[in-house]
Structures are given as C-alpha cells and as structure tokens.
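Engineer: sequence plus predicted model, see below.
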Amino acid sequence: MVKVELKHVSNRYILQNVNLTVEDGELLALLGPSGAGKTTLLNVIAGTTDYEGSVLFDGVSVDDKPASKRNVGYVLQELALFPHLNVFSNIAYGLRIRNMPLTEVERRVDELLALMKIEHLRGRYPSELSGGEGQRVALARALAISPSILLLDEPLNNLDYSIRRYLRREIRRIQRQLNVTTLFVTHDVEEAEEVGDRVAVIVGGRIRQTGNFEEVSSNPADEEVASVLGFQNVWECSKCRRIWGELYEVECKGVKVVVSCEGGAAKRIAIPAREVYIYGDEPQGPQLNTYKGTVKEILFPSPSTAKVKVDVGGNMLVAELSMEIFKSLNLWVGKEIFLKLKLKSIRVYT
Amino acid sequence: MRTQRTFYGALPIIMLIVLWEAVARLKLAPGNFLPPFSLVLEELFYMTVNGVLLSNLARSLARVMIGFSLGSALGIAVGIMMGYSRVMHELLNPIISFLYPIPALGWLPLLMLWVGVGEMLPITIIFICSFFPTAYTTATGVRNVDKRLVRAAETLGASPKNVLKTVVLPLALPTIFTGLRLEAGMAWRVIVAAEMVAIPTGIGALFMQAESLIRMDIIIACLMVLAIMCFLFERIFQYLETKVCRWVKPYGQG
C-alpha cells in the first residue's frame, strides 16, 4: 500500500498551505463543516483540479500525472455511477480500460461483489438501486482498480441512520481487510470518531488539527475546531476573576461561570452539547455552575438523540440528550428547567 | 391489453373513413371535390401497379436518404466537437445558432441559383435541413453529460478518448436520437415542398401534376403515402433509439 503526503498544497479557491500525511494502510477521517475545502482536497489528490504545492505517493511526486494515471479510487459524493452500464460493468469499468482479459475481469468483479455482499445486484442498472446499494457499488468500482489510495467523499450522506451505522462498520471492515490507505471525508463527528484511525480537522481551507480522536476532541486547538467537534456552545465572556488556584469565574452576559484554566484572561468558553445536564427540579448538592433556563426549541437529529436549546440569561445553550433521558424529563418548549455544566468539560480560549 | 389499445387507436380512423366514404358517396360535399375513400384506394393501387407512384417515391426516397445521412453524419461529427471542446464551441456556436433558425425552404431561391435546378438541389436542401438541427442537438447532448461522470471515469483511468467513447457518447445518444427522429420526419416535409416548387420529379412533383389535372384522388393518395413515409421514418428511429439506449427507461416506468 501507499503513504500519501500533501506538502504546502494551495488552491486558487479555498485550500491554503495544506500539509497532511495519510500513513500506509491508515484510515484518516477528514472532518470539517461544509465549504471547508474537504472535497477540493480530495480533488487535489485525485488530480481533477489545479493546485500549487506537491502531492507525494510513497515519496514520489504525482503532480505531473493526470487523474487517469494516478490510480486513485475515488467515491464521489454523488456516487456518479454510470447510468448506461449495469452493476457488473460499472465495477469492471476501470479494469476494462486497463485491457484486463475478460475472464480475469469477471473473477475480480465477482470477488468484489462478494466482498460487498451484493452478488444479487450484478445485472441491475444504477436507477434500480437503493442509496445503500449504490454506495456499495461505487465503493466496489473504486476498489476494483486496486487503488493506491481510496478517497471517500461523505459516502454515507443521504442514507437512513440505521444504514449509515451499518455501512460505516462495513467500510471499516473492508478497509481493514484490504489494508488500503483511505481518506474519509465527513462533517459528522460521530462518524469521524467511529471510522477514523486518526482525524484531521479542516476549517476554511486549512488543516487545523490532526491526531487521534480522543486527543483532538479533548483538546481542540481553537474555538473553530471546537465548534466542528460538536462544542456548539461557544460563549463570549468578560470579567475574568481568579477564585483560587487555576479556578476562574467569568461572566457571559451576566451569567457567572466557573472555569478551570491556566493563565486566566478567558475570552470565550466552549461547552460540549453532550456535557450539559438537564434537571426538571433543582438538583441536589453544590450549586456550582448550576443555572435556571427556559426551553426554546427541541430537535431530533437522529432517532436516538434529542437536542434541546435552552435560554440561560440571554445565552443560548444546546444540550444533547439520549432519547431515554429526554423522555424521562418530560420537556416542552417554554418549560423552566435547571441545568448544570461540568467544570472539567468546559474549554477556555484566551 | 395491447390489442385493446390498438383497437381504441384504430376506432377513430375507421370512423373517419366510413364518414368520408358516406359523405362522398351521398354527394354531400359540393361539386366533385371529395372523391370517396374507395376510389382513392383504387387510384393508389393503380399508380402502384403502373409504377408511377413507385418511381416518384423512389426518387424522393433517394434524395432524402442521401441528404439526410450526409447532413446528420456531419452534424453529429460537428456537434461532438462542439460539445467536447470548449474552443470549438466558442468558434462554431455563433454561426450555428445564427443559421439554425432559417427555415430549410428559405435556402431554396439561393440554392436554385448556386446549385442549379437538378438532382443536387433537393439533396442540398435536405442536407442543410438535417445538418444544423443535428449539430445543435448533438452538441447539447454532449455538453449535458454530467461532468461528475466524466471525473469518475478519469479517476478510473480513462483517457480523454476513452471518456468520449465509453461515457460521453453513450450518454449523449438519447438526445442525438431524439434529434434524428424529429429530423427524419422533417426531411420528408421539406423534400415534398422542394419538389413542388422546383423539381419536376418525385412525389412532390406528382402532387403538382395532379393539381393541374384536378385529380383530387391522386392528391389524396399522395398525401396518404407521404403520411406513411413520415410515420415510418420516425418509427424506425424510435425503434433504433430504444435498441441503442436500452438503459434509458421510458417515461412513467421509473
């Protein structure tokens, strides 16, 4: 397999001095909001867009090679299956272009159909496939050419939640089995966490942080990375007052929050939505970082989670709850509730 | 189901023929201006047997075939170049869009002077009438091929030539065929008009001779033959289209 490096890659429109390494056989999740340059980055590696800087496969520059000579397996966001070819011919496309003998093409395609568990789709046309089936065919087509690197552009978008979860594991399984170097683009934190060996966060055309997921999520480099990672609650704050040791009290629109930080002078704090605790009645115990708020909006991003937007003295706070807890709380818009922020979960930016 | 549909389709035609025959036989039409259907059929049979119809039809058919195949072949070639190369498109598009709207018969007076009144005249007219629309629809078909499919083919290793052969052309075919089908019918309409005005042979000329002899039965017989030719031509292309583009689902099926 192949190690892929990007050195000082810039692109007229979005990318700015990107340096990134995908190790041999690794699955790197590229996480970023829409418009961050994720797809452009894949296009640079695939050679389908112009760029400055250098792309290296195993230390050898491929900058002069056109897309057709780079041997990259690219699953486009829209799949782009050939509508005039059936599943077999779609998967065989790259092999036929390479003039592989027909018996060998058949053997290879059957192998991939088995690997993807889609033998029954062999003779169907793309218009006769479901989203998840199309996804597997596109993946098989990209893998057929034994690519140096596999590029997956938000491959699980537009699929039902349960299929997403399933395919995510499938992609992981297949990637491990073939040990193919993979770059997996997503805007979904959960996906990045589950699929990636490592994660790279891209915002505004720059790679902001790279590392394993725990590392990055427990210590986001800046507030934009924090917001990409699901710290939806970023509050501006003023009046930083030292209480004791590394404990400071900051004020956000009149709401006092105790935070722990080195050096003080906090300008913004970020609170992960999953670390906000909601109570129907006033909670027992110490009242540190406990507030009264009003429920403003309730959303259901997936069948198993609820997002509750709460107004806390003019600051908006998003709390993410599991469905079980959400149901037990019996919340409605306009209800007054109590919430608590865990001291350890609050990130401070100076 | 299918026979039932055929029956419903044939019903109004049968009724029209019966009505026509009745009106003509009962002399409900003024003067002798509507010959009965049976007489028209008789004349059609007679003209077929004595060869008048076939020799004229053969001439028209040959003109249509030559002009149409040359015009559409060149049209497809130019259309592919225009659709595939940006430069070619910039160069040719203004000319094509400028000349395309001119009705084919509008060229007739000019061509009578340039080409002369002879076999080349109807062929040239048909050529023009086929070339511009085919070039136009082909270019559109090629340009409308999803660029993402092109990109997918490239990353799978396809050279520009391969992309054209395996992706762009197959996907542009339905559009090209739709253009050809419409043009095939149009060619017959144009050839008749050209023959009526300028050339003393062919099915259009037969019309004019019948008119001067006040032979309504011949005129109507010729009209029927013409309708059948237009219909057959369009049907042949429709058939080819479904054969070549089997992956395109007909409307309402998916």
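Structural biologist: Received it, and whenever you're ready, just let me know what you need.
Engineer: now whichever strand or helix holds B:Ile66, how far from the centre of its chain.
Structural biologist: Element membership of B:Ile66, judged by DSSP states H and E, is helix B:52-84. Averaging C-alpha positions (Cα atoms, centre = their mean, to the nearest Å) puts helix B:52-84 9 Å from its chain's average.
Engineer: and that helix, average pLDDT?
Structural biologist: On average, the pLDDT along helix B:52-84 is 92.
Engineer: and for stretch B:131-148?
Structural biologist: Taken as a whole, stretch B:131-148 has a mean pLDDT of 92.
Engineer: what does it contact?
Structural biologist: Outside stretch B:131-148, the residues that touch it by Cβ atoms under 8 Å, 6 or more residues apart in numbering or on different chains are A:76, A:78, A:80, B:71-72, B:74-76, B:78-80, B:82-84, B:89, B:93, B:96-97, B:99-100, B:167-169, B:171-176, B:178-180, B:182-183, B:186. C-beta: built from backbone N, CA, C; applies to glycine.
Engineer: 7 Å instead, please
Structural biologist: For stretch B:131-148, the surrounding residues in contact (Cβ atoms under 7 Å, 6 or more residues apart in numbering or on different chains) are A:76, A:78, A:80, B:71-72, B:74-76, B:78-80, B:82-84, B:89, B:96, B:99-100, B:167-168, B:171-172, B:175-176, B:178-180, B:183.
Engineer: tell me what A:Val203 is bridged to.
Structural biologist: Counting by DSSP bridges, A:Val203 is bridged to A:Arg206.
Engineer: go ahead and confirm it touches A:Ser34.
Structural biologist: No: with contact defined as Cβ atoms under 7 Å, A:Val203 does not count as touching A:Ser34 (11.1 Å).
Engineer: pick out whichever of the two has more residues nearby.
Structural biologist: More neighbours surround A:Val203 than the other of A:Val203 and A:Ser34, with 20 against 8 (other Cβ atoms under 10 Å in any protein chain shown).
Engineer: in contact with that one, which residues?
Structural biologist: A:Val203 touches A:Gly32, A:Pro33, A:Ala36, A:Glu224, A:Val225, A:Val228, counting by Cβ under 7 Å, 6+ apart.
Engineer: what's the answer for A:Val180, then?
Structural biologist: A:Val180 neighbours (Cβ under 7 Å, 6+ apart): A:Met1, A:Pro147, A:Leu150.
Engineer: how about it, phi and psi?
Structural biologist: phi -100, psi 130 (degrees, to the nearest 10).
Engineer: if we can go back for a sec, what's the following helix or strand after the helix holding B:Ile66?
Structural biologist: Downstream of helix B:52-84, the first helix or strand assigned by DSSP H and E is helix B:86-99.
Engineer: so A:Leu151 lies in a strand, does it not?
Structural biologist: Yes: counting by DSSP: H, G, I helix; E, B strand; the rest coil, one finds A:Leu151 located in a strand.
Engineer: just the pLDDT at it, thanks.
Structural biologist: pLDDT, A:Leu151: 95.
Engineer: hang on, it packs against A:Leu76?
Structural biologist: No: taking contacts as Cβ under 7 Å, A:Leu151 lies outside contact range of A:Leu76: 8.8 Å.
Engineer: tell me which of those two has more neighbours.
Structural biologist: In this view A:Leu151 and A:Leu76 are compared by other Cβ under 10 Å, and A:Leu151 has more residues nearby, 27 against 24.
Engineer: out of the contacts of A:Val203, which end up buried?
Structural biologist: For the contacts of A:Val203, a burial check counting by 16 or more other Cβ atoms under 10 Å in any protein chain shown picks out A:Gly32, A:Ala36, A:Glu224, A:Val225, A:Val228.
Engineer: tell me which two of these sit farthest apart.
Structural biologist: Within the buried ones among the contacts of A:Val203, two members stand farthest from each other by Cβ to Cβ: A:Ala36 and A:Val225, at 11.1 Å.
Engineer: chain center to the one helix or strand A:Val310 maps to: distance?
Structural biologist: Using DSSP H and E, A:Val310 sits within strand A:305-312. Its chain's average C-alpha position is 22 Å from that of strand A:305-312, according to Cα atoms, centre = their mean.
Engineer: in that strand, what's buried?
Structural biologist: Those would be A:Thr305, A:Ala306, A:Lys307, A:Val308, A:Lys309, A:Val310, A:Val312, for strand A:305-312 by 16+ other Cβ under 10 Å.
Engineer: now do stretch B:141-159
Structural biologist: For stretch B:141-159, the neighbour count (16+ other Cβ under 10 Å) marks B:141-143, B:145, B:149-158 as buried.
Engineer: can you show me the strands along the stretch 151-300 of chain A?
Structural biologist: Using DSSP state E, counting those that start in this stretch, the strands assigned to the stretch 151-300 of chain A run over residues A:181-186, A:198-203, A:206-211, A:233-236, A:238-244, A:247-252, A:255-260, A:268-271, A:276-279, A:290-302.
Engineer: got the CA coordinates for the third one in CSV?
Structural biologist: So the one you mean is strand A:206-211. What follows is strand A:206-211 as a C-alpha-only set of coordinates in CSV (Å, rounded to 0.1, in the frame of the first residue of the first chain):
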residue,chain,number,x,y,z
ARG,A,206,-6.6,25.0,6.4
ILE,A,207,-5.9,21.8,8.3
ARG,A,208,-6.3,23.0,11.9
GLN,A,209,-5.5,19.9,13.9
THR,A,210,-4.5,16.3,13.3
GLY,A,211,-4.4,13.4,15.8
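Engineer: pLDDT wise, what is A:Phe231 at?
Structural biologist: The model reports A:Phe231 with a pLDDT of 69.
Engineer: contact residues of chain A facing chain B?
Structural biologist: A:46, A:48, A:67-68, A:72, A:74, A:76, A:78, A:80, A:82-84, A:93-94, A:97-98, A:125, A:127, A:145 (Cβ under 7 Å from any Cβ of the partner chain).
Engineer: ok, of those, which come out buried?
Structural biologist: Buried among the residues of chain A next to chain B by 16+ other Cβ under 10 Å: A:46, A:48, A:67-68, A:72, A:74, A:76, A:78, A:80, A:82-84, A:93-94, A:97, A:125, A:145.
Engineer: among those residues, which are in strands?
Structural biologist: Within these, residues falling in strands by DSSP state E are A:Val72, A:Tyr74.
Engineer: looking at the stretch 151-300 of chain A, what residue ends up closest to chain B?
Structural biologist: Taking Cβ to the nearest Cβ, chain B has its nearest neighbour within the stretch 151-300 of chain A at A:Leu151, 8.3 Å off.
Engineer: for the nearest residue to A:Thr305 once chain neighbours are set aside, give its distance to A:Thr294.
Structural biologist: Of all residues not flanking A:Thr305 in the chain, A:Glu320 sits nearest, at 5.9 Å (Cβ to Cβ, 6 or more residues apart in numbering or on different chains). With distances taken as Cβ to Cβ, to the nearest Å, A:Glu320 is found 18 Å from A:Thr294.
Engineer: same question for B:Leu232.
Structural biologist: Using Cβ to Cβ, we find B:Leu232 at a distance of 76 Å from A:Thr294.
Engineer: please apply the same query to B:Leu61.
Structural biologist: From B:Leu61 over to A:Thr294 the distance is 83 Å, taken as Cβ to Cβ.
Engineer: more neighbours, these two?
Structural biologist: Set B:Leu61 next to A:Thr294 and count neighbours by other Cβ under 10 Å: B:Leu61 wins out with 17 against 14.
Engineer: what's the closest non-adjacent residue to the more buried one?
Structural biologist: Closest residue to B:Leu61 apart from its sequence neighbours, by Cβ to Cβ, 6+ apart: B:Met229 at 7.6 Å.
Engineer: the one you found reaches B:Ala187, doesn't it?
Structural biologist: No: if you go by Cβ under 7 Å, B:Met229 and B:Ala187 don't touch, sitting 9.7 Å apart.
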